[in-house]
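Sequence and predicted structure, then a few things I'm wondering about:
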Amino acid sequence: MQYINTKAFAEQQDRNDPLNSFRDQFHFPVDQKGNPKIYLCGNSLGLQPKQTSAYVQQELEDWAKFGVEGHTDAQSPWLTSHEDLAKPMAEIIGSQPEEVVIMNTLTVNLHLMMVSFYKPTNTKFKILIESDAFPSDKYAIGSQLKFHNIDPKEGLILWKPRKGEHLCRHEDFESLIDLHKDELSLVMIGSTNYYSGQAFDLERIAKRCQEENITVGFDLAHGAGNIQPNLHDIGADFAVWCTYKYLNSGPGSIGGCFVHEKHIKSTTIDRFVGWWGHNKDSRFNMRVGFDPTPTADGWQLSNPPILSLAGTRSSLDLFEKAGFDNLREKSIKLTGFLEFLIDELKDSSISILTPRNASERGCQLSIQMKNADRSLFEKLTAKGVVADWREPDVIRIAPAPLYNSFTDVYEFIQQLKHCLHD
Ligand SMILES: *Cc1c(COP(=O)(O)O)cnc(C)c1O
């Protein structure tokens with residue numbers, strides 16, 4: 001695509017954008033004068049869809065009106081509310097509805113998945129992660145190793161960027177597998193790295209793991225709603241994600257979990273269980289032994305938080321209307337425009353850490369500001385830009401295709417220019 005560095009070009013792109021009207025369906029934070037901020041932080045917390053309030057209100061009314069009978073009589077009966085979300089969520093992650101369950105939060109789901117899928121033996125006990133994995137994932141995995149009496153120094157293998165580089169190379173992943181295949185029990189990778197914005201080739205990773213009989217799981221925190229990971233076809237064993245980033249379900253809202261079809265009917269896989277994972281037909285008999293639901297729901301412990309589900313449903317309805325392929329198409333153009341404008345700055349103190357190739361990234365670009373410190377970011381914030389700063393010198397900018405515009409991206413660059421030259 002040919003870009004032009006003018007505001008008129010950005011506005012023209014917005015007029016031609018078939019998804020442009022979705023922007024009006026979101027609340028944008030405003031500055032003291034009431035002007036909307038330039039919000040480029042959907043990688044951290046997605047904006048609130050305007051209709052979410054009505055979805056939540058409906059649940060409150062149903063609760064007021066029906067009390068406990070809302071489980072069956074609410075507009076979206078609470079007993080099956082989470083099941084209704086499995087289908088639209090399956091579209092987002094590329095799976096079958098039976099492979100998805102919306103429950104808990106990301107880190108909790110990671111622990112539950114490791115209970116089932118990390119089965120160390122005396123010889124095959126190691127876990128491979130990317131070196132710059134998100135801290136919560138590192139803590140969870142470290143504590144699982146310790147739980148099995150394995151010293152994380154012994155048990156953890158890190159896939160690192162080469163010296164002087166910021167991105168992980170797939171050929172280095174494959175070399176690590178060659179070297180450690182007999183000791184590796186689990187590979188667990190963040191599908192899109194939260195820091196660099198690098199999106200890994202999940203199919204390539206999964207294939208290599210399957211060849212060596214290594215279990216493979218993905219953390220889709222920065223992937224879900226950003227890039228469709230095609231989990232079923234690539235044969236991932238499990239995946240976990242949150243819904244409050246690109247999926248706009250609300251702060252601290254409920255997480256998602258994928259278990260591949262090949263595992264969902266198993267009655268021998270170990271798991272931590274609760275009543276909501278019990279087969280629906282006899283769940284309320286309350287006396288029988290545990291009979292797992294033969295879908296990903298078999299991993300559910302508790303009855304789910306209905307207000308969080310309402311926020312999730314509101315956002316997924318918008319995703320369904322927009323169509324994921326359309327979103328991705330726009331996203332590639334929008335982030336490409338951001339990249340073009342950063343290059344146009346021709347400022348040697350600025351570099352983009354994220355891969356240049358659109359197939360190796362989602363919407364986020366991580367910009368390294370050499371010789372800058374947090375004060376630059378604070379100036380940007382004062383100018384109404386909402387982005388995020390990661391020590392020591394990286395700004396993450398994530399234009400979300402559902403609500404961000406080409407004009408947002410253009411305006412961000414104008415503000416960045418002011419901050420660099422003031
Ligand atoms: C945001 C994020 C989390 C957050 O975990 P919660 O359990 O939802 O608080 C975990 N892992 C990654 C990679 C993330 O980006």
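Thanks, I have it.

Tell me if I'm right that Gly255 and His111 touch.
No: the pair Gly255 / His111 is not scored as a contact, 11.4 Å apart, by C-beta atoms under 8 Å. For glycine as for every other residue, the C-beta is placed from the backbone atoms N, C-alpha and C.

For this structure, which residue occupies the most central location?
Central residue of the chain (C-alpha atoms, centre = their mean): Ala221, 2.4 Å from the mean position.

Now do the contacts for that one.
Listed by C-beta atoms under 8 Å, 6 or more residues apart in numbering, the contact partners of Ala221 are 106, 134, 190, 194, 241-242, 245.

related to what we said a few turns ago, who touches both of Gly255 and His111?
Counting by C-beta under 8 Å, 6+ apart, nothing touches both Gly255 and His111.

neighbour-wise, which of those two wins?
Neighbour count, other C-beta atoms under 10 Å: between Gly255 and His111, Gly255 has more, with 25 against 18.

If the more buried one is in a bridge, with which residues?
When bridges are called by DSSP bridges, Gly255 pairs up with Cys242.

what pLDDT does it get?
What the model reports for Gly255 is a pLDDT of 98.

Please report how far it lies from Arg374.
30 Å (C-beta to C-beta, to the nearest Å).

Under a three-state scheme, what state does whichever residue of the stretch 201-350 of the chain sits closest to the ligand occupy?
Closest approach between the stretch 201-350 of the chain and the ligand, counting by C-beta to the nearest ligand atom: Ala221, at 3.2 Å. Recorded secondary structure, Ala221: coil (DSSP: H, G, I helix; E, B strand; the rest coil).

Over to Ala86?
Under three-state DSSP, Ala86 falls in the helix class.

What confidence value was assigned to it?
pLDDT at Ala86 comes out at 97.

biggest strand in this protein by residues?
The strand that spans the most residues within the chain, counting by DSSP state E, is strand 184-190.

Please go through the contacts of Ala221 and note which also touch the ligand.
Counting by C-beta under 6 Å from any ligand atom, the subset of these that neighbours the ligand consists of 106, 134, 190, 194, 242.

which residue packs closest to the second one, ignoring adjacent ones?
In other words, Phe134. The shortest distance from Phe134 to any non-neighbouring residue, by C-beta to C-beta, 6 or more residues apart in numbering, is to Tyr194 (5.0 Å).

For the one you found, list the residues it contacts.
Listed by C-beta under 8 Å, 6+ apart, the contact partners of Tyr194 are 43, 134, 221-222.

make it 7 Å
Taking C-beta atoms under 7 Å, 6 or more residues apart in numbering, we find Tyr194 in contact with 134, 221-222.

Can you say which helix or strand has it in it?
Using DSSP states H and E, Tyr194 sits within no helix or strand.

Ser53 now?
Using DSSP H and E, Ser53 falls within helix 52-66.

avg pLDDT for that helix?
98.

can you check stretch 100-120 too?
For stretch 100-120, mean pLDDT is 98.

first vs last residue of that stretch, how far apart are they?
End-to-end distance of stretch 100-120 (C-alpha to C-alpha, to the nearest Å): 25 Å.

Show me the contact partners of it.
In contact with stretch 100-120 (C-beta under 7 Å, 6+ apart) are residues 82, 85-86, 89-90, 93, 127, 136-137, 140, 144, 148, 150, 185-186, 215, 217, 219, 221, 237-238, 240-242, 254-258, 269-272, 296-297, 299-300, 304, 309, 312.

Show me which of the contacts of Ala221 has the smallest pLDDT value.
Phe134 (91).

Using just helix, strand and coil, how would you label Asp182?
Assignment for Asp182 (three-state DSSP): coil.

For the ligand, see how far away it is.
Relative to the ligand, Asp182 is positioned 28 Å away (C-beta to the nearest ligand atom, to the nearest Å).

Which positions in this protein make contact with the ligand?
Residues of the chain found near the ligand (C-beta under 6 Å from any ligand atom) are 105-107, 134, 136-137, 190, 194, 219, 221-222, 242, 255.

With that, I have no additional questions.
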